[in-house]
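[1] need coordinates for the below:
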Amino acid sequence: MNRDVNSRRVFGVTGWKNAGKTTLVERLVAEFVRRGWRIATIKHAHHDVDIDQRGTDSWRHRAAGASEVALVGGLRYAIMRETPEPTLAEVLARLAPCDLVIIEGYKREPHPKIEVRADHAQPMAPGDAKIVAIAADSPPSDRSLPWFRRDDIGAIADFIAGCVSDQQAS
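    So this is what the prediction gives:
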């Protein structure tokens, strides 16, 4: 099965730094899980990340030159790979089956997104046709897109569920 951005139910959360993206993702994950959905998330960072700790055995394996290290524990595992940044499609292909993938970041990718907007922030939506809704504390001056209060998690989840159902139908 080709599991790229077009064959998965995906929805993005985008916005400028400190707009509340991670908080919204966290609350949406909890809401969808409460509804019985299996959720995966992808967080894109614009800086190098390292989930390993200096001096641990797995860190030492990587420092010695291993190109891939699997760290396995009783409840979870992580695979760390030394590689140039993968595409979103490559990351999606690695995820286990789920009902929805919520993507934080990857603002230039062609999946539907909700823009989390802090008051007085420069709007992103006018420059991105894939932004299909706005989450903000107050109504935006341009009301061409659906608007939700950032804390109206149930309504935002309902909207996303409708959007991803449309993805599966097309």
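[2] so for the helix or strand harbouring residue 25, what gets flagged as buried?
    Taking DSSP states H and E as the criterion, residue 25 maps to helix 21-34. By neighbour count with 16 or more other C-beta atoms under 10 Å, helix 21-34 contains the buried residues 21, 24, 25, 27, 28, 29, 31, 32. C-beta here means a position set from N, CA and C on the backbone, and glycine is covered the same way.
[3] report all helices and strands that the next helix or strand after it contacts.
    Sequence-wise, the next helix or strand downstream of helix 21-34 (DSSP H and E) is strand 39-43. Judged by 3 or more C-beta pairs under 8 Å, 6 or more residues apart in numbering; DSSP states H and E, strand 39-43 is in contact with helix 21-34, helix 88-94, strand 100-104.
[4] return the longest helix anywhere in the chain as PDB; C-alpha atoms alone will do.
    Under DSSP state H, the helix in the chain containing the largest number of residues is helix 153-169. Taking Å, rounded to 0.1, in the frame of the first residue of the first chain, the C-alpha atoms of helix 153-169 are listed here in PDB:
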ATOM      1  CA  ILE A 153     -11.900  21.600  20.800                       C
ATOM      2  CA  GLY A 154     -15.100  19.600  20.200                       C
ATOM      3  CA  ALA A 155     -16.100  21.900  17.300                       C
ATOM      4  CA  ILE A 156     -12.600  21.900  15.800                       C
ATOM      5  CA  ALA A 157     -12.500  18.000  16.000                       C
ATOM      6  CA  ASP A 158     -15.900  17.800  14.300                       C
ATOM      7  CA  PHE A 159     -14.600  20.100  11.500                       C
ATOM      8  CA  ILE A 160     -11.400  18.000  11.100                       C
ATOM      9  CA  ALA A 161     -13.400  14.800  11.100                       C
ATOM     10  CA  GLY A 162     -15.600  16.200   8.300                       C
ATOM     11  CA  CYS A 163     -12.500  17.300   6.300                       C
ATOM     12  CA  VAL A 164     -10.700  13.900   6.600                       C
ATOM     13  CA  SER A 165     -14.000  12.100   5.600                       C
ATOM     14  CA  ASP A 166     -14.000  14.100   2.500                       C
ATOM     15  CA  GLN A 167     -10.300  13.100   1.900                       C
ATOM     16  CA  GLN A 168     -11.300   9.400   1.900                       C
ATOM     17  CA  ALA A 169     -14.300  10.000  -0.400                       C
END
